[in-house]
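Engineer: Sequence first, predicted model second:
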Amino acid sequence: MTDMYDEPRISAVNLKPYPHEEHGREGDVGRALDPVKYLQATEQRARERQIAVETVRILRKDVIECYRKEGVNHYDNCKEVCERYYRVITKKDLGQVQPNWADKNKYEGWN
């Protein structure tokens, strides 16, 4: 019927950085060393981004539900839910798993 009253399910999976392929060598602009690996890495980054966005959406929903359920007592009773949400949204790229970039400074500004 509805999963509103079910216990929330939280995954305990800890993902490691995934293998990737960046664009070419120094001075060889626009050419990937292995185009298949490059496309697979691009698709994996898109999947990781979507997982990060959905995680934030679910946590935001949990905060809203807690506020509505607790009413005026939400300051005391929703503290853990809000802290969990805050820890995720303040991470770089919403906690998205990143590959081990060859040049970390090149990708440092991504959010």
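Structural biologist: Arrived safely, thanks for sending. The structure presented is a predicted model; accordingly, all values stated were derived computationally and were not measured.
Engineer: does residue 49 really touch residue 95, like I thought?
Structural biologist: No: counting by Cβ atoms under 8 Å, residue 95 is not a contact partner of residue 49; they are 10.8 Å apart. Placement of C-beta: from N, CA and C, glycine included.
Engineer: Spell out which residues are contacts of both of those two.
Structural biologist: Common contact partners of residue 49 and residue 95 (Cβ atoms under 8 Å, 6 or more residues apart in numbering): none.
Engineer: Mind listing what's buried along the longest helix anywhere in the chain?
Structural biologist: For the chain, the longest helix by residue count, based on DSSP state H, is helix 35-70. If you call a residue buried by 16 or more other Cβ atoms under 10 Å, then helix 35-70 has these buried ones: 38, 41, 45, 48, 52, 55, 56, 59, 62, 63, 66.
Engineer: Residue 9: which of those is nearest?
Structural biologist: Taking Cβ to Cβ as the measure, residue 9 lies nearest residue 62 of the buried residues of helix 35-70, at 11.5 Å.
Engineer: surely that closest one meets residue 83?
Structural biologist: No: with contact defined as Cβ under 8 Å, residue 62 does not count as touching residue 83 (11.6 Å).
Engineer: how about residue 81, what does it touch?
Structural biologist: 59, 62, 63, 66.
Engineer: low-scoring stretches of the protein, by residue?
Structural biologist: Applying pLDDT under 70 to the chain flags residues 1-4, 8, 10-32, 97-111.
Engineer: let's see it at 90
Structural biologist: 1-53, 74, 87-111 (pLDDT under 90).
Engineer: Pull the contacting residues for the closest residue to residue 85 other than its chain neighbours.
Structural biologist: Distances taken as Cβ to Cβ, 6 or more residues apart in numbering place residue 59 nearest to residue 85, at 4.4 Å, with adjacent residues excluded. By Cβ under 8 Å, 6+ apart, the residues touching residue 59 are 81, 84, 85, 88, 89.
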